[in-house]
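Student: coords please:
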Amino acid sequence: MTSLTSVLRLTPGDPVDLDALPTRTTPGVEDRDAGKAGLADVQDRLGDLQTRLYAEGRGGSPRRVLLLLQGMDTSGKGGTVKRVAGAMDPSGVRVFGFAAPDEQERAEHFLARVRRALPRAGTVGVFDRSHYEDVLVPRVEGLVPEPVWRGRYAEIRDFEAELVEGGTTLVKVFLHLSYDEQRRRLLARLDDPDKHWKFDPSDVAARRRWPDYREAYAEAMQECATLAAPWHVVPADRKWYARFAVATLLAEAMTAMHPRLPRPDLDVAALREALQPPR
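Tutor: So this is what the prediction gives:
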């Protein structure tokens, strides 16, 4: 069977045209029911794989995993994080959401806060947004000069190469949402008073810059897709599919790592004897 990774992965060096990539297809599954069943199966796999990775870390392995999720507002990052991270033991997962940098973070190098949030050995990190925000928002909103944000591409490539060299498996995912689907999701939030807390008026302002953000995303992925840290574009108009696809991409990446349970040198017979009740 063809892996979903090979279907959704961008080829490093190729131009990225988001308008040419579908937002509503469902490669790998035929319909919603199959997608939901597939997600349940993948969640079971993720639980086992993460246990093995965590045990490896306890045994001294430096390996870890970092899942990066990027996408336009309402693309489903939060719901996807719940389904993916929720499938694994909380002790071995760290979820971090990157909001706009505060005053202290703006005074630091843009990667400083990212480094602080990196997963430890043997664990899985999940980023809801990431360091890519620093080549998106500043560019579109004109917060820094072009030479500054453009120079960050090389810094990101070097940073990710450093992570991979140090034992981190990177899974970078763009949730590819259509303009019309975003409108439907924003209106659904306004229609439900219980979801008004999720509505940020700035999302409407950002929507007016849709072509600019799409161009910024496309260039960022094109500039920062490498053989060691490729990008994957997941059709996100169907939430159930995006969740299945992201979980599958992560499971495929972790399967390729072949995490193994350590085999400590235990004298099992002596330990069993020591646990017997007094005679």
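Student: so Val233: helix, strand or coil?
Tutor: Using DSSP: H, G, I helix; E, B strand; the rest coil, the structure places Val233 in strand.
Student: separation between it and Leu227?
Tutor: 17 Å (C-beta to C-beta, to the nearest Å). Backbone N, C-alpha and C define where each C-beta goes, glycine included.
Student: more neighbours: these two, which one.
Tutor: Between Val233 and Leu227, counted using other C-beta atoms under 10 Å, Val233 has the larger neighbour count: 24 against 9.
Student: thought that one was touching Thr11?
Tutor: No. Contact criterion C-beta atoms under 8 Å: Val233 and Thr11 do not qualify, at 11.3 Å.
Student: show me where the stretch 101-250 of the chain has strands.
Tutor: Assigned by DSSP state E, counting those that start in this stretch, the strands in the stretch 101-250 of the chain fall at 124-128, 168-176, 231-235.
Student: can you put those in CSV and add mean pLDDT?
Tutor: Shown next, in CSV, are the strands of the stretch 101-250 of the chain (pLDDT from 0 to 100):
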stretch, mean pLDDT
strand 124-128, 98
strand 168-176, 98
strand 231-235, 98
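Student: how many neighbours does Thr123 have?
Tutor: 21.
Student: and it, what is it in contact with?
Tutor: Listed by C-beta atoms under 8 Å, 6 or more residues apart in numbering, the contact set of Thr123 reads 53-54, 57, 64-65, 92-94.
Student: which residue, other than its chain neighbours, is closest to Arg248?
Tutor: Actually, residue 248 is Thr rather than Arg. Leu4 (4.7 Å; C-beta to C-beta, 6 or more residues apart in numbering).
Student: typo on my end, Thr25
Tutor: Pro235 is the one closest to Thr25 (C-beta to C-beta, 6+ apart), at 5.1 Å.
Student: before we move on, the earlier item: got a markdown table for the strands of the stretch 101-250 of the chain, with distance to Asp134 too?
Tutor: Shown next, in a markdown table, are these (distance: least, C-beta to C-beta, whole Å):
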| stretch | distance to Asp134 |
| --- | --- |
| strand 124-128 | 13 |
| strand 168-176 | 15 |
| strand 231-235 | 16 |
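Student: for Arg279, state which of the contacts of Thr123 is nearest.
Tutor: Tyr54 (38.1 Å; C-beta to C-beta).
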